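[1] the following comprises the amino acid sequence and a computationally predicted model.
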Amino acid sequence: MIRRSEEKESERKPAPFNGTGEITVRSLLSGPEEMSQKGRVFGHTTVYPGSEIGYHIHTGDSETYYILSGTGQYNDNGTITAISAGDVAYCAPGEGHGIACIGDEPIEMIALILYE
């Protein structure tokens, strides 16, 4: 399967989990069917300056962020850490995280959610 750039579903929406501002999510794979039932999200996410994906806990799945560009603050179970291009953040099942864009440019990241 090849999914061309223009074929990806893209949605700009309010930041989830009681976050602030807006994000854009581009689905790289479309849900569990295209992920061999092992996950539910493989996407390219943009978090705009001043926006934040709110803190949330993962139950039954894990989430990994690979930061492509931008600067942010990552909430790793209540510990706030600076994050930038090239960094990888992993949130294990039962743990929580959130991310805020603190720079002048958006955070561009790949997000992957896999089932336990």
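    That came through fine.
[2] can you show me the CA trace of the lowest-mean-pLDDT helix or strand in the chain as PDB?
    Taking mean pLDDT, DSSP states H and E as the measure, the chain has helix 31-34 as its least confident helix or strand, at a mean of 94. Coordinates of each C-alpha in helix 31-34 appear next as PDB, following Å, rounded to 0.1, in the frame of the first residue of the first chain:
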ATOM      1  CA  GLY A  31      -6.800   3.000  12.600                       C
ATOM      2  CA  PRO A  32      -6.500  -0.600  13.900                       C
ATOM      3  CA  GLU A  33      -7.400  -2.200  10.500                       C
ATOM      4  CA  GLU A  34      -4.300  -0.700   8.900                       C
END
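[3] run through the neighbouring helices and strands of that helix.
    Applying 3 or more Cβ pairs under 8 Å, 6 or more residues apart in numbering; DSSP states H and E, one finds that helix 31-34 contacts strand 39-47. For glycine as for every other residue, the C-beta is placed from the backbone atoms N, C-alpha and C.
[4] how about the following helix or strand past the strand it packs on as PDB, C-alpha atoms only?
    Using DSSP states H and E, the helix or strand that follows strand 39-47 in sequence is strand 52-57. Coordinates of each C-alpha in strand 52-57 appear next as PDB, following Å, rounded to 0.1, in the frame of the first residue of the first chain:
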ATOM      1  CA  GLU A  52      -1.200  22.200  24.400                       C
ATOM      2  CA  ILE A  53      -2.400  18.600  24.400                       C
ATOM      3  CA  GLY A  54      -3.700  18.300  27.900                       C
ATOM      4  CA  TYR A  55      -2.300  15.800  30.400                       C
ATOM      5  CA  HIS A  56      -4.000  12.400  30.100                       C
ATOM      6  CA  ILE A  57      -3.300   8.800  31.200                       C
END
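[5] average pLDDT across strand 52-57?
    Average pLDDT, strand 52-57: 98.
[6] show me what it is packed against.
    Packing partners of strand 52-57 (3+ Cβ pairs under 8 Å, 6+ apart): strand 96-101.
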